[in-house]
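J.: I would like the atomic coordinates for the input below:
(one chain, ligands or ions: 2)
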Amino acid sequence: MDADLQAVAQPVDQARIRRAVREILVAIGEDPDRDGLLETPTRVAKAYAEIFAGLHQDAGEVLATSFDLNHQELVLVKDIPFYSTCEHHLVPFHGTAHLGYIPSEEGRVTGLSKLARLVEVFARRPQVQERLTTQIVDAMMEHLTPKGAIVVVECEHLCMSMRGVRKPGAKTVTSAVRGQIRDTATRAEAMSLILGR
Ligand SMILES: Nc1nc2c(ncn2[C@@H]2O[C@H](COP(=O)(O)OP(=O)(O)OP(=O)(O)O)[C@@H](O)[C@H]2O)c(=O)[nH]1
Ligand SMILES: [Zn+2]
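T.: Numbering: from 1, shown residues only. Ligands and ions are numbered 1, 2, ... in the order given. Model (predicted):
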């Protein structure tokens with residue numbers, strides 16, 4: 001395995017982050033030894049371990065809990081708030097995710113909280129919104145084997161708000177639809193439930 005792949009397979013290397021953050025502080029013209037910044041490399045390393053923890057988590061484990069409820073209609077958990085990190089600028093993007101699926105023939109469903117946990121698995125990584133959306137829906141298809149699944153994600157990207165083009169409040173909406181929910185009527189029902197606030 002090459003060094004980069006090995007790094008991805010390991011838990012977050014906090015010592016390396018501490019060294020890198022100290023370098024960044026020097027590079028921006030700060031004094032990393034002044035009182036207020038002394039503990040900053042350690043704090044950032046701990047924060048990164050948390051916000052990138054999803055790199056070391058497995059969607060299949062999160063979705064392993066299932067119940068035989070014999071429910072064969074749409075299940076939708078909407079307005080799941082989350083924070084992720086833009087892989088281009090390493091600043092946050094945040095918003096809400098809406099996850100729906102039609103259970104498999106046997107009507108097995110997963111725990112509702114597991115859908116929110118699934119969002120965290122993929123949000124806690126360096127991301128772009130489009131990939132986040134498709135990774136979530138593809139994980140639902142793989143691990144729940146439902147008749148269909150839909151994911152809609154609405155976000156504000158701080159790289160567009162606090163810097164660059166500076167358009168605070170601009171929202172990006174992405175969706176991914178699989179299986180039977182692609183049918184026009186089912187998709188319309190799911191979208192009206194998602195957007196009906
Ligand atoms: N498609 C997509 N683009 C994203 C996402 N997050 C950030 N971006 C965009 O990534 C692009 C990077 O563009 P570059 O020209 O390489 O970088 P930049 O000079 O910092 O761009 P500006 O943000 O326009 O200042 C920008 O247009 C961002 O808005 C995302 O989740 N999806
Ligand atoms: Zn960005």
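J.: Then Gly164 would be within a strand, right?
T.: No: under DSSP: H, G, I helix; E, B strand; the rest coil, Gly164 falls outside any strand and is assigned coil.
J.: ok, it to ligand 1 distance?
T.: Per CB to the nearest ligand atom, to the nearest Å, Gly164 is found 3 Å from ligand 1. For every residue, glycine as well, the C-beta is placed using N, CA and C.
J.: what's the answer for Pro92, then?
T.: Taking CB to the nearest ligand atom, one finds Pro92 at 11 Å from ligand 1.
J.: do Asp35 as well
T.: From Asp35 to ligand 1 the distance is 33 Å (CB to the nearest ligand atom).
J.: what pLDDT does that residue get?
T.: pLDDT for Asp35: 98.
J.: mind listing what the residue in the chain that ligand 2 sits nearest to touches?
T.: Residue nearest to ligand 2 within the chain (CB to the ion): Cys159, separated by 2.7 Å. Neighbouring residues of Cys159 by CB atoms under 8 Å, 6 or more residues apart in numbering: Cys86, His88, His89, Val91, Phe93.
J.: what's the pLDDT at the residue nearest to it when sequence neighbours are not counted?
T.: Among residues not flanking Cys159 along the chain, His89 sits closest, at 4.1 Å (CB to CB, 6 or more residues apart in numbering). With respect to pLDDT, His89 has a value of 98.
J.: SS state for the residue of the chain closest to ligand 2?
T.: helix.
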